[in-house]
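Colleague: quick check, what structure comes out for this input:
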Amino acid sequence: MAALEEATGDEPIRALMLLGGSSSTTSVETVEEGRDSTDRVTLRKRLIEARGKELQGEIGTTLDKLRELSLSPRGGRVLHTVVVEGPAQSIVKALEMSEVQHATLDRKVRVVHPRPPRTFK
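Modeller: Below is the predicted model of the structure:
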C-alpha cells in the first residue's frame, strides 16, 4: 500500500480489485438448452454473453458505486476482477467498501487491449 500512502489526495492511482459476488459459473448445459447442434464458436460466444449478464447482476451495482467515486473501473465482463483508476482519495473510499474483497496497489498493472481480428483470405 506504499503507493497509496505516498500519494497526494488527487494523484491518479491504478488498483487491481477483486469484487464480491457469488462465484457461480455459467454452464454449457444452460447455454445449450433447446439446441440440438451448435458449433464451438457460437457456443463460446453464448457462454461469454451469458457470463457477462450473470456478472452484471452480481457486480453491476458495485461498478456503479465505483463510478460515483470518480473512479474508472475496467473489466468485470468475465471475472470479478477489475482494474480501477482514479484519484487516491477515491481509491481509499473504494477500499472501505464491503464489496471489495481484495486489492493490489503496489504492482504495475498494464492494460492490454485486444488485437483486432485477423482476416484470412
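
Colleague: need the strands for the protein, in chain order.
Modeller: Using DSSP state E, the strands found in the chain span residues 12-19, 72-75, 81-87, 100-104.

Colleague: out of the ones you listed, which comes closest to Asp64?
Modeller: Closest to Asp64 of the strands of the chain is strand 72-75 (C-beta to C-beta; 9.4 Å). In this view, the C-beta of every residue, glycine as well, is placed from N, C-alpha and C.

Colleague: can you list the buried residues in that closest one?
Modeller: For strand 72-75, burial by neighbour count (16 or more other C-beta atoms under 10 Å) applies to Pro73, Gly75.

Colleague: from here on, call the first residue 39.
Modeller: New numbering, starting at 39: the last item is strand 110-113.

Colleague: hmm, back to that, could I get the strands of the chain as TSV with mean pLDDT and distance to Leu42?
Modeller: Below are the strands of the chain laid out as TSV (pLDDT from 0 to 100; distance: least, C-beta to C-beta, whole Å):
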stretch	mean pLDDT	distance to Leu42
strand 50-57	91	6
strand 110-113	93	17
strand 119-125	93	11
strand 138-142	93	9
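
Colleague: can you pull out the residues in contact with stretch 44-56?
Modeller: 41-42, 111, 118-127, 129, 132, 138-143, 145, 147 (C-beta atoms under 8 Å, 6 or more residues apart in numbering).

Colleague: buried sites along that stretch?
Modeller: By neighbour count on 16+ other C-beta under 10 Å, the buried set for stretch 44-56 is Ala45, Ile51, Arg52, Ala53, Met55.

Colleague: please tell me how far the last one sits from Phe158.
Modeller: Remark: distance between Met55 and Phe158 (C-beta to C-beta, to the nearest Å) = 38 Å.
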